[in-house]
Structures are given as structure tokens and as C-alpha cells.
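A.B. asks: Got a predicted structure plus its sequence, pasted below:
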Amino acid sequence: MRILALIRQVLDAEETVRIRAGEVDLSASKLVVDTMDEYGVEQALRIRETGVDAEVVALAVGPERNQEALRTVLAMGADRAIHVMTELALDPIALSKVAAQVAQQENVDLIFCGGQQADWDSHALGAATAERLQWPQLTWVNALEIHGQTLTGRHDAEDGSEMFSVQLPAVITTQQGLNEPRYPTVPNIMRAKRKELRVESMESFHVEPKLKIIGAEIQVKARLHKILDGKDATAAAAELVQLLRDEARVIA
Amino acid sequence: MILMVVEHANGKASKSTYEMATCARALGREGPVTALVLGAGIAAVANEVALLVDQVLVADHIDLEQYDPEVWSAAVAQIASEGEAHVVLIGGSRNGREYSPRVAVKLDAPLLEDVVRVTSTEGAISAERYTFLARVTEKVAADAPVVVITPKQAAFAAVAPGTQAAEQFDVELTLPERRVQITGKSLEKAACISLAEAEIVVAGGRGVGSAEGFRTLVEGLADVLGAAVGATRAIVDTGWRPYSEQVGQTGKTVQPKAYIAIGISGAVQHLSGMGKSKCIVAINKDADAPIFQVADYGIVGDVNQIVPAMIAAIRK
């Protein structure tokens, strides 16, 4: 079988977001593989390690820098990578068109996608990709097993969690708890440099985004910052309770 | 036509349905606002939403008893196509955000996901939404004959019901086979006060020290305030608290009147789930903890002394 892991390179959560001319400017920022995508790669590798004859292919769609993210994933253990290079700002629905076409070209049986992307704050990529392929989807999966053509597991639903069973092919989006992603070791980082990373041009995928970003700003809510010293716990607690009652009027 | 898909549970329309109706009116487009109610045994819900919109479409069928993303997206796309909807509004719940991308693809429409504001000008719709773990407010524009929108929960005010009930129509749907089998469910322990809808949330982080500390301090304070209980991911990962209480990137997003953070340092992932709260209160022994930068009120000190003193002061 063949497993496709969708990889997005996003701003490191520890980094400050910079805005320039109404756009988020990532040019000087540290970027990383989205944590939610790492769960997908890890799960694909674990499937292969259970003895299933599986090839793990990683896909990224975006600017040239995306190749750093793909090298990281190859160092984790993916077999090969595909980079569809573009400077175009894609929304998840537009990107899913590329992902679905690559999945078809590569005869993929199973796709992993992050449950939420740390830059778009979106849940849409996995579901949109599944729809384009006419495949079923399971979102927010936190436990997964494969037996032949059947996937079983558990995922977070609206009001709790559900156990599920579905036949391949399918799209799985990840949730915390699915696994603990491995770190690439130095020998594997060296080995990853020799693995196949195929670069494709965006043109053949005929994608025209229907959404345009027309502005971005950091809206910082003004906060009061009335921080009390708690050395005298009783006095500080009494003062805080009084402030919350009489000034903020948030407690009775 | 503006089509809005009603979210409901236990025979009642959810708060998000009232918020969607506000969002629909904010779009100010020509044509009626039409509600679509999907489910089994939903007459009461249909009657309830008839007071919010201009027209109600009802698909009351046993096959719609249980939600499925493929079934729901097929139903909504069918009605949207038949009714030539310009706008399809789907709730910003976990389910809504799960099947709305499928609807957008079926209709070849852009998706405005988890939006906090919408405006419609000259046929184009623009919206504001949070990105980069809720640190950025991004403005996006869609220029297309049909647009799918999921309003962020609690971002729009609830519409006040009218006095005149809109007409109801039954609709016939062609539904796909279900391919995902749900073989078991474990419902979240029904908390006394729902985290998403609570006016006050008291949340605990690693600084509470132990599961016992969480119970005494966080649950103790929540009890006297009538507040809901939240937790950080670190606490959930250690098993002290259930996932249903997790606030943050991979948990719930809350926007209460007051968020009281006890022993929470304030990682970006946590802030993305509560940073829009109206009033933030922090109690932490580390004066440099990032939580204090977003706090309106706070105390630097030992949570084991301060929180019991607060409980006593509130009881007084």
C-alpha cells in the first residue's frame, strides 16, 4: 500500500508573528513541520513498522523553503517526498485540489493530514481532500489500527469520542494522543539527504484560489495588567476579589 | 437565497443557530433566509427556528438520526443547488467544521471558515477570521456565485426570535451510503456547566501541583463562582483531567466574561483557546509567566495560599 502524508511548514509557535504591509511576513522567522502533521507521519511509519508493505510519501505544496520541512520528514523515516513548488497563497480548499491529484497519480490508499493547521487555524484540508477523491474521512483521530483493508480507531466527535471502522481508501486527520512523534537521528538526517525529493511545478494542477487575503493585523486587546503581590496571600486575595466584584463586575 | 443549516441537540436549536441567523442578516443580501433542519424527530426544532428565519426546510428522516460528514454534506449541497443559494451558513461546531469543506468542494465554492465578522459589498463577501493560533486577524475576500461560511461560535450575538412563524416545507433528499461505521461512543461526562457556554471559566495548569490540588483549588473556586472548569494540555496529558476540559489549540476555544487561570504559564497554544476572553485573571508564582502579559488582573504568589483565601473571601 501507499500512504501519503500531507506536510505543512508553519511558523514555530515560539516565534513572534511579524506583519508587513498588511501581510504576515515569515521571511525572517523560524518555520517547522506542523506538529499535527508530525502525528500523521509518525502513524504512517508505525503502520510500515508493523510489517505492512507500505511506502510512505510526503507531500508539501508551497514555496521553496518547504523542502526543509520535507527533509525533516524524510529524516523521520518517510521513503520519498514530492514538493509542488509555488509562491501562490493557497487556502485549504485550493490546496486540497493539488493533494487530491497527487494522491490519484501516486495511487495512494491512505492519506494523513493534520487535524488543524497552525497557520490557517483551519480544519478544512483533510475533509476537502477526501471530498475531491470521493473518499470517507475520519477527523481528530487519536487511536488507529489497520487490519488488511480495514481501519479501526477512535476519534474526537462533537460530544465525546467515537470508535469507528472504515475501509480503505480514506483520509485520516490527526489529533493529540495519536502517538508521540520520533525525532530524526543524525544518521537518519544524513540518509535523508539521499532520498528522493521530486519537485513539480504548480501549473499542471490548474488551481485558482477563490479566496484572497486582503489584510492581516495583530489585534492586541488592551489589558489592565493590575498584578498584585501575593506575599500576603489573604490581603491580595481579598483585594483581587474586591476588584473582580466592584471594578470588573465579573463575579457576584 | 441564504441557506443556514440548523444545529440542534436534544430537541432544541443550539445557541450557534441563533448566532448564524444574526450572521445571515449581517450579510444583507437579497432573498430570504432559509433554514434547513436535518435530523429525525425534529418537529420541535423546526417550530423553534421558524421564528428566526423567512422559510424553513425540514428533512425529518430516520436515516438522519446520526450525523455523518458525507451524508450531511450531500444533503446540504443538494438543497443549496436546488435552491440556488448564494450563501450557505454551517455552524462552527466541530461537526460543522468537519463537513463544510465537503460542501464547499461539491458546490465549487470558497470556504470562509470560523469567521468572526462578515460584510457583503457588491456581490463580494469579505470576512475576518483568526489565524496563526489566534494571534492574527486576517481579512479574506471571496468573489464567487456561492460561498460557504462557518461563523465562529460565540462570535455573533444571538438573534431575538420574532413573533411570526415562517412557513415550513418538507424536502426529499438523495443520500449516499454511510461508509464510516460508528462502533461505540463514550460521551463526555456531562459537566454541570458547559465550558463553551460558561460566563466564568476557572482553569488550572501544572502549577496546581497534583490532581488533588486541581480538585481543591480549581474545582473549589469554580464551585463558589458557579463557573465551568478548564485545564491545560499538560494537565490532560498527565491524566489528571479529561480531554473534554482541555482549552487551547487542540482542545476547546472559550470566550467567557472572566477566565481565571490558576498555575497556568500561558503557552501560545493555550492562549489561542482563551486569549479572546473579556477579562483574564492569572494567579501564578512566576512573575515572568506569559499569562500575565494578557491578564487584566492577577496575583504573583503561591496558588496553594491565594486560591483558598479567594474562596474564603468570596464566601464572606
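C.D. replies: On my side now, so go ahead.
A.B. asks: how about the strands of the stretch 51-200 of chain B, start to end?
C.D. replies: Using DSSP state E, counting those that start in this stretch, the strands of the stretch 51-200 of chain B run over B:55-60, B:87-89, B:111-121, B:124-131, B:136-142, B:147-151, B:167-170, B:181-187, B:200-204.
A.B. asks: Next: the stretch 151-252 of chain A.
C.D. replies: A:160-167, A:170-174, A:197-201, A:211-217, A:226-229.
A.B. asks: Go ahead and name everything in contact with the fourth one.
C.D. replies: Residues external to strand A:211-217 that are found in contact with it (C-beta atoms under 8 Å, 6 or more residues apart in numbering or on different chains): A:19, A:22-24, A:89, A:91, A:93-94, B:110-112, B:126, B:131, B:136-143. In this view, the C-beta of every residue, glycine as well, is placed from N, C-alpha and C.
A.B. asks: Make TSV out of the strands of the stretch 151-252 of chain A and add mean neighbour count.
C.D. replies: TSV is the format used below for those (neighbours: other C-beta atoms under 10 Å in any protein chain shown):
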stretch	mean neighbour count
strand A:160-167	18
strand A:170-174	28
strand A:197-201	14
strand A:211-217	17
strand A:226-229	16
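A.B. asks: Could I get those strands in TSV, plus columns for mean pLDDT and distance to A:Thr50?
C.D. replies: Converted to TSV, these look like this (pLDDT from 0 to 100; distance: least, C-beta to C-beta, whole Å):
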stretch	mean pLDDT	distance to A:Thr50
strand A:160-167	95	18
strand A:170-174	98	16
strand A:197-201	97	26
strand A:211-217	95	40
strand A:226-229	97	52
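A.B. asks: I'd like to know which of the ones you listed is closest to B:Leu173.
C.D. replies: Nearest to B:Leu173, of all the strands of the stretch 151-252 of chain A, is strand A:160-167, at 22.5 Å by C-beta to C-beta.
A.B. asks: Show me the domain layout of chain A.
C.D. replies: Chain A breaks down by automatic domain parsing into domains covering A:2-205, A:224-252.
A.B. asks: Now do the buried residues in the shortest one.
C.D. replies: Burial within domain A:224-252, assessed by neighbour count using 16 or more other C-beta atoms under 10 Å in any protein chain shown, is assigned to A:226-228, A:230, A:233, A:236-241, A:243-244, A:248, A:250-251.
A.B. asks: what about that domain, how long is it end to end?
C.D. replies: In domain A:224-252, first residue to last residue: 20 Å (C-alpha to C-alpha, to the nearest Å).
A.B. asks: Correct me if wrong: A:Lys57 contacts A:Asn107.
C.D. replies: Heads up, residue A:57 is Val, not Lys. No - assessed by C-beta atoms under 8 Å, A:Val57 is found out of contact with A:Asn107, at 10.3 Å.
A.B. asks: got the contact list for B:Gly83?
C.D. replies: Applying C-beta under 8 Å, 6+ apart, the residues near B:Gly83 are B:Met1, B:Leu3, B:Thr34, B:Leu57.
A.B. asks: Longest strand in chain A, please.
C.D. replies: In chain A, assigned by DSSP state E, the strand with the most residues is strand A:137-147.
A.B. asks: What strands line up against that one, and which way round?
C.D. replies: Taking DSSP bridges as the criterion, strand A:137-147 forms sheet pairs with strand A:150-157 (antiparallel), strand A:170-174 (parallel).
A.B. asks: among the ones you listed, which is nearest B:Lys185?
C.D. replies: strand A:150-157 (7.6 Å).
A.B. asks: Between strand A:160-167 and the closest one, find me the angle.
C.D. replies: 160 degrees (axes from the mean of the first three to the mean of the last three C-alpha atoms, to 10 degrees).
A.B. asks: Now strand A:150-157: buried residues?
C.D. replies: Buried-residue list, strand A:150-157, by 16+ other C-beta under 10 Å: A:Leu151, A:Gly153, A:Arg154, A:His155, A:Asp156, A:Ala157.
A.B. asks: is it true that the third one touches A:Ile172?
C.D. replies: When you say that, I think you mean A:Arg154. No - under the criterion of C-beta under 8 Å, A:Arg154 makes no contact with A:Ile172, lying 11.7 Å away.
A.B. asks: thinking again about what came up before, mean neighbour count, the domains of chain A: which tops it?
C.D. replies: Mean neighbours per residue, mean count of other C-beta atoms under 10 Å in any protein chain shown, is largest over these for domain A:2-205, with a mean of 20.
A.B. asks: Between its first and last residues, how far does it reach?
C.D. replies: 21 Å.
A.B. asks: and which of the contacts of B:Gly83 is nearest to chain A?
C.D. replies: Distances from chain A to the contacts of B:Gly83, taken as C-beta to the nearest C-beta, are shortest for B:Leu3 (18.3 Å).
A.B. asks: about what we covered before: of the strands of the stretch 51-200 of chain B, which shows the lowest average pLDDT?
C.D. replies: Lowest mean pLDDT within those: strand B:181-187, a mean of 91.
A.B. asks: From B:Pro256, how far out is the residue of chain A found nearest chain B?
C.D. replies: Nearest residue of chain A to chain B: A:Gly230, at 1.9 Å (C-beta to the nearest C-beta). Applying C-beta to C-beta, to the nearest Å, the value for A:Gly230 to B:Pro256 is 23 Å.
A.B. asks: Show me the contact partners of the helix or strand hosting B:Met20.
C.D. replies: Using DSSP states H and E, B:Met20 sits in helix B:15-27. Here helix B:15-27 makes contact (C-beta under 8 Å, 6+ apart) with B:2, B:4, B:6-8, B:33, B:35, B:49, B:52-53, B:87, B:89, B:91-93, B:96, B:118-120, B:125, B:149, B:151, B:153-159, B:197.
A.B. asks: what's near enough to touch residue 229?
C.D. replies: In the absence of a named chain, chain A is used. Counting by C-beta under 8 Å, 6+ apart, A:Asp229 has contacts A:Ala236, B:Ile299, B:Val300, B:Gly301.
A.B. asks: The intended chain is chain B.
C.D. replies: Contacts of B:Val229 were listed using C-beta under 8 Å, 6+ apart, and they are B:Ala191, B:Leu195, B:Val201, B:Val202, B:Ala203, B:Gly204, B:Val218, B:Glu219, B:Ala222, B:Arg241, B:Glu245.
A.B. asks: redo that, cut-off 6 Å
C.D. replies: For B:Val229, the contact set (C-beta atoms under 6 Å, 6 or more residues apart in numbering or on different chains) comprises B:Val218, B:Glu219, B:Ala222, B:Glu245.
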